[in-house]
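In: build me a model from this:
(2 chains)
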Amino acid sequence: MTIPATEEVPITIRPQTASPPTADVPADAVEDVFELSGFAAGYGSFRAVKDVNLRIGEKRITSIIGPSGTGKSTLLRALNRMNDLIEGAHVTGRASYHGVDLYAPDVDPVEVRRRIGMVFQKPNPFSKSIYDNVAWGAKINGFRGSKSEMDDLVQEALTRAALWDEVKGKLGDSGYSLSGGQQQRLCIARAVAPNPEVLLMDEPCSALDPIATLRIEELMLELKKSYTIIIVTHNMQQAARVSDKTAFFNIRLDSKGHRTGYLVEFSPTEQLFTSPKEKDTEDYITGRFG
Amino acid sequence: MTIHRDSMAHFHQELEVLENKVLGMVDRAEQMVEMAVEAVIESNVDLARTVVDLDDEIDATYLEVHERWTSLMARFQPMGSDLRKMAVLIQLSTTFERMGDQCVNIAKIAQFNEGLPRVDRICDQVREMGDLVRPMIRTSIESWVRQDLDETRLLPAMDEPVDRLNANMYKEMVAVANHPELLEWAAKMILVSRALERVGDQAVDFAEQTAYLITGVRSGFDHLVAGSNDADIR
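Out: Next up is the predicted model:
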């Protein structure tokens, strides 16, 4: 499989898949979406994270946890080449997506970002209507359908984001008119509108109240029937509630005092939060440091 | 919610208090076993009454432990070895509360049997069971305090003679079948034997919980009784 560097990519609404809950799928039956091998990412002379070796399975929720400054968000953004937009950003090692090197010269970063969508920490709807917020995501990714087809796409995306019933009568209202939790679900709708395969979420609930947080978590569990989800979170209970596997990152200081994040442990979530393999993980989740 | 070191330090202080409360229950239960056996063998109704009173203390601690446990879970949502310890402590509080109940059962039989004719051989056997069960409780406590996995594995072998003596009690009952004046007393002593056998099982359960706390792997000790491979405990 290759990721074509085409200028126009036809967007179609993928029908809701009827795949069974992933918990019923044997571990060895899950296909890897990402494979990171000796991967490192940083900015200029600074290495935010290094020595990352892990595989991320399809239609699973993978959580990335760890203290601040361990390069979790840098790693997440490197997975859809969002870091390319930051001057001086660089990666080494290999990050493959369905076996294709994400950083190969012939890979189009725009197409990478279409297939691997992102939801940010703070809800960031555009200064547009609810309808246009969702339609924009599809339009910039080459949607060429009719108005009617766009209407269907917007409805489908809002439905997937569990927001349709709340906004169907006011699609022309500003995205800013929604509550924080609704705005974040609007951003999720915008992210799924281009029909990605993967959703990267960078602390998507950190600005939300507990009820809105639970709505997003329920939504994540629903979305994983169709998407592979990777979430960076500081909320360990959230990671424990929603994810199938969890990666714990910590900081290593070199002889010059430079701090670099590294992967300590990548385990099934239940194991990591009850009987972690590594002492550093145990110390972190029991609050003995961090 | 980020877990802060300070708040978790507070959690660990409260967890230690909770642990001491639960260990206090088993300390008390160990003492009650000795008193209950003495009371039933010597027909000492005052001692039996003391056992019943001590069980009220265990019951009160049991309720306090559950309240503290619920509060800790609600406030801190512990993870890792802290979560395992919480899971084990709530289980052990129930185990020790039932240990106390078994002692009360024995104490009540001591009160019931007062003045009835008795058989020394059966009394000796009950005393022997008590002498076997109390070291089991003590070994379980020490293996917890030292977090010693090897020590926890001693318990199944220690429990075997208790089970044998309990099984033998029925033979003793048959032996007195031709003495109707002894039957009522002997029938009650079967219940005493059964209660001590249960206390032995509870001591084994304590050790199993300790092993889980140490290893993070749930694995009963049944396989150790037959001396089979215990490689599944890491």
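In: show me where chain B has helices.
Out: For chain B, applying DSSP state H gives helices covering B:5-42, B:45-76, B:80-112, B:120-146, B:149-152, B:155-175, B:180-215, B:222-225.
In: make TSV from these and add mean neighbour count and distance to A:Leu153 to it.
Out: In short, each C-beta sits where N, CA and C put it, glycine included. Rendered in TSV, the data for the helices of chain B read as follows (neighbours: other C-beta atoms under 10 Å in any protein chain shown; distance: least, C-beta to C-beta, whole Å):
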stretch	mean neighbour count	distance to A:Leu153
helix B:5-42	19	46
helix B:45-76	16	44
helix B:80-112	21	44
helix B:120-146	18	61
helix B:149-152	18	59
helix B:155-175	16	65
helix B:180-215	21	52
helix B:222-225	16	59
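In: and the residue nearest to B:Val88 when sequence neighbours are not counted, what does it touch?
Out: With sequence-adjacent residues excluded and distances taken as C-beta to C-beta, 6 or more residues apart in numbering or on different chains, B:Val88 is closest to B:Gln209, at 4.6 Å. Shown here is B:Gln209, whose contacts under the criterion C-beta atoms under 8 Å, 6 or more residues apart in numbering or on different chains are B:88, B:91-92, B:95.
In: pLDDT below threshold where in chain B?
Out: Scanning chain B with the threshold set as pLDDT under 70 gives B:1-5, B:224-234.
In: actually the stretch 1-150 of chain A, not the one I wrote
Out: By pLDDT under 70, the low-scoring segments of the stretch 1-150 of chain A are A:1-28.
In: and the stretch 1-150 of chain A, which residues reach chain B?
Out: Taking C-beta under 8 Å from any C-beta of the partner chain as the criterion, chain B has no neighbours within the stretch 1-150 of chain A.
In: what comes into contact with stretch B:86-100?
Out: Against stretch B:86-100 from outside (C-beta under 8 Å, 6+ apart): B:15, B:18-19, B:22, B:25-26, B:28-29, B:32-33, B:54-55, B:58-59, B:61-62, B:65-66, B:69, B:72-73, B:78, B:137, B:198-199, B:202, B:205-206, B:209-210, B:212-213.
In: typo on my end, it should be stretch A:126-136
Out: Taking contacts as C-beta under 8 Å, 6+ apart, the residues outside stretch A:126-136 that touch it are A:125, A:143, A:150, A:153-154, A:157-158, A:167, A:170-176, A:178, A:186-187, A:189-190, A:193.
In: so which bits of it are buried?
Out: A:129-136 (16 or more other C-beta atoms under 10 Å in any protein chain shown).
In: what's near enough to touch residue 52?
Out: In the absence of a named chain, this looks at chain A. Under the criterion of C-beta under 8 Å, 6+ apart, the contact partners of A:Val52 comprise A:36, A:38-40, A:75, A:93, A:262-263.
In: wrong one, chain B
Out: Counting by C-beta under 8 Å, 6+ apart, B:Val52 touches B:104, B:107-108.
In: contacts with chain A among those residues, please.
Out: When the contacts of B:Val52 are checked against chain A using C-beta under 8 Å from any C-beta, none falls in range.
In: quick revisit: closest to chain A among the contacts of B:Gln209?
Out: Proximity of the contacts of B:Gln209 to chain A (C-beta to the nearest C-beta) peaks at B:Val88, which lies at 11.8 Å.
In: ok so, going back, just the buried subset of the contacts of stretch A:126-136, please.
Out: A:125, A:143, A:150, A:153-154, A:157-158, A:167, A:171, A:175, A:178, A:186-187, A:189-190, A:193.
In: and the two most separated of those?
Out: With distance counted by C-beta to C-beta, no two of the buried ones among the contacts of stretch A:126-136 lie farther apart than A:Phe143 and A:Leu178, which are 23.1 Å apart.
In: I'd say B:Asn166 and B:Leu196 touch.
Out: Yes - taking contact to mean C-beta atoms under 8 Å, the distance of 7.2 Å between B:Asn166 and B:Leu196 places them in contact.
In: thinking again about what came up before, can I get the contacts of A:Val52 in CSV including neighbour count, secondary structure and distance to B:Asp159?
Out: Rendered in CSV, the data for the contacts of A:Val52 read as follows (neighbours: other C-beta atoms under 10 Å in any protein chain shown; DSSP: H, G, I helix; E, B strand; the rest coil; distance: C-beta to C-beta, whole Å):
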residue, neighbour count, secondary structure, distance to B:Asp159
A:Leu36, 22, strand, 50
A:Gly38, 12, strand, 53
A:Phe39, 25, strand, 53
A:Ala40, 23, strand, 55
A:Leu75, 29, helix, 52
A:Gly93, 15, strand, 55
A:Tyr262, 17, strand, 47
A:Leu263, 22, strand, 45
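In: wait, which of the residues you listed is closest to B:Glu42?
Out: Proximity of the contacts of A:Val52 to B:Glu42 was ranked by C-beta to C-beta; the top entry is A:Leu263 with 65.6 Å.
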